[in-house]
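Peer 1: this is a predicted model, with the sequence first.
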Amino acid sequence: MTNNSAFTIVVGFDGSKDAQAALDWAVDEALQRSGRLRVITAWTQQPMSWYPALLETAVGGIGVVDSAEEDAKAIHARALESATARGVAVSGQLVHSHSAASSILGAAEDADLVVVGSRGHGGFSGLRVGSVTTHIVNHAPGPVLIVRPKGPAKGGRGDAESAG
């Protein structure tokens, strides 16, 4: 953790609705703490995949993707622009990796807080917490905050849960 520098928040961003909620939360926190944000977007070329491919978008539509790397670059650029537009000191990494969780954890070694969405684009939509988030919670070097998109209140719970 950093002791004598700006409060550093690492946020994993894959363009999903949950990741957008995490980014928004992290930006607000960075603004409140006069901190800085480090956005991590990991991508991989799936074996046996051919492009263009059809992918579900964060808003539930269908989009055509020419390449996994180009899609990740566009997603990452949108995240950086969004944070910068709100006045946050932001840096980022676009990482080619087979493990998004490992990429985020590597970037979080000197961070004060890791913020992730509860789940990303994974195929098991019924899960409350995805595999990347679970791995990060179990292996993070410091505090982790899990953010879910705002929705109908269930049992009086908020939209952020802390772990660690």
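Peer 2: Cool, got the structure.

Peer 1: from now on I want contacts and neighbour counts done on CA atoms only, so please keep to that.
Peer 2: Fine.

Peer 1: may I ask which helix or strand of the chain has the lowest mean pLDDT?
Peer 2: None of the helices or strands of the chain scores lower by mean pLDDT, DSSP states H and E than strand 53-56, at a mean of 53.

Peer 1: where along the protein do the strands fall?
Peer 2: 8-12, 36-43, 53-56, 62-65, 89-96, 113-117, 144-147, 160-163 (DSSP state E).

Peer 1: which outside residues touch the first one?
Peer 2: Here strand 8-12 makes contact (CA atoms under 8 Å, 6 or more residues apart in numbering) with 2, 19, 22-23, 26, 30, 35-41, 104, 107-108, 110-117.

Peer 1: and the strands of the chain: which comes nearest residue 72?
Peer 2: Residue 72 lies closest, by CA to CA, to one member of the strands of the chain: strand 36-43, at 6.2 Å.

Peer 1: now that closest one - C-alpha only, CSV.
Peer 2: What follows is strand 36-43, C-alpha atoms only, in CSV (Å, rounded to 0.1, in the frame of the first residue of the first chain):
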residue,chain,number,x,y,z
ARG,A,36,-5.6,8.7,-8.6
LEU,A,37,-7.1,5.9,-10.7
ARG,A,38,-5.4,3.0,-12.5
VAL,A,39,-7.7,1.3,-15.0
ILE,A,40,-6.8,-2.3,-16.1
THR,A,41,-8.4,-3.9,-19.2
ALA,A,42,-7.2,-7.4,-19.9
TRP,A,43,-7.9,-9.2,-23.2
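
Peer 1: now this structure, which segments are flagged as low pLDDT?
Peer 2: Counting by pLDDT under 70, the chain shows low-confidence ranges at 1-4, 45-66, 119-129, 151-164.

Peer 1: all helices for it, in order.
Peer 2: Taking DSSP state H, the helices of the chain run over residues 17-33, 68-85, 100-107, 131-139.

Peer 1: restricting to C-alpha, output stretch 97-106 in PDB.
Peer 2: C-alpha atoms of stretch 97-106 as PDB (Å, rounded to 0.1, in the frame of the first residue of the first chain):
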ATOM      1  CA  SER A  97      -3.300 -12.000 -20.700                       C
ATOM      2  CA  HIS A  98      -5.100 -15.300 -20.200                       C
ATOM      3  CA  SER A  99      -6.000 -14.200 -16.700                       C
ATOM      4  CA  ALA A 100      -7.800 -10.900 -16.100                       C
ATOM      5  CA  ALA A 101      -7.600 -11.500 -12.400                       C
ATOM      6  CA  SER A 102      -3.800 -11.900 -12.400                       C
ATOM      7  CA  SER A 103      -3.500  -8.700 -14.500                       C
ATOM      8  CA  ILE A 104      -5.600  -6.700 -12.000                       C
ATOM      9  CA  LEU A 105      -3.800  -8.200  -9.000                       C
ATOM     10  CA  GLY A 106      -0.400  -7.400 -10.600                       C
END
